[in-house]
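Asker: Make a model of this:
(one chain, ligands or ions: 1)
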Amino acid sequence: MDLVAITSLGTMLSAAVTALKDAKEVAKDSSDGELKEKIGAAYDTLLELKIRLYEYDEVVRQLRQELETRNAFVGPVEPFSYVYRTEDTERKSPLCPKCFQTVPRVLSYLSAQRKNGVGINRGCNQCAWLNYETRTGSTSGDRERHYWDP
Ligand SMILES: [Zn+2]
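Answerer: A predicted model of the protein is given here:
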């Protein structure tokens, strides 16, 4: 259900509540107790329906936000389980997979590739996670250091 449909339903519900309010006002002078009771019950039901509609509207809003967030990232991408922003189509700026999985999520870019006597690595300035993409004499990287919860 989209927001326009919910707004439209909200408008219709408000109109129904107003109509019932009017009926309640007219029935106030009536001596028909059963009529008053039925109008009151219908009024209560409509108000409850209106509350539920706003609750569902909030759920839809949260789900949309989650979907937008989900579509904003790609990963984990092998061989290093890095996560990338979707717009980083050339996969040049990986995000730290450890920080990415924290709750609430932290977005921290890994460093550029750094070469030292042991090999080539990238590190996170936020959490100090370090991954050797290659080690001297090895091109397979440091698989034990990959960080991704199953
Ligand atoms: Zn990190």
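Asker: so how far is the ion from the residue nearest the centre of the chain?
Answerer: Nearest to the mean C-alpha position of the chain, by Cα atoms, centre = their mean, lies residue 66 at 1.8 Å. Look at residue 66 and the ion: by Cβ to the ion, to the nearest Å, they are 22 Å apart. Glycine gets a C-beta too; all of them are placed from N, C-alpha and C.
Asker: Now do the same for that residue: helix, strand or coil?
Answerer: On the three-state scheme (DSSP: H, G, I helix; E, B strand; the rest coil), residue 66 is labelled helix.
Asker: hmm, who's touching stretch 34-52?
Answerer: Stretch 34-52 is contacted from outside by 10, 13, 14, 16, 17, 20, 21, 23, 24, 27, 28, 30, using Cβ atoms under 8 Å, 6 or more residues apart in numbering.
Asker: for that stretch, the distance to its chain's centre please.
Answerer: 34 Å (Cα atoms, centre = their mean, to the nearest Å).
Asker: So if we follow the domain assignment, how does the chain break up?
Answerer: Taking automatic domain parsing as the criterion, the chain consists of the domains 3-70, 81-145.
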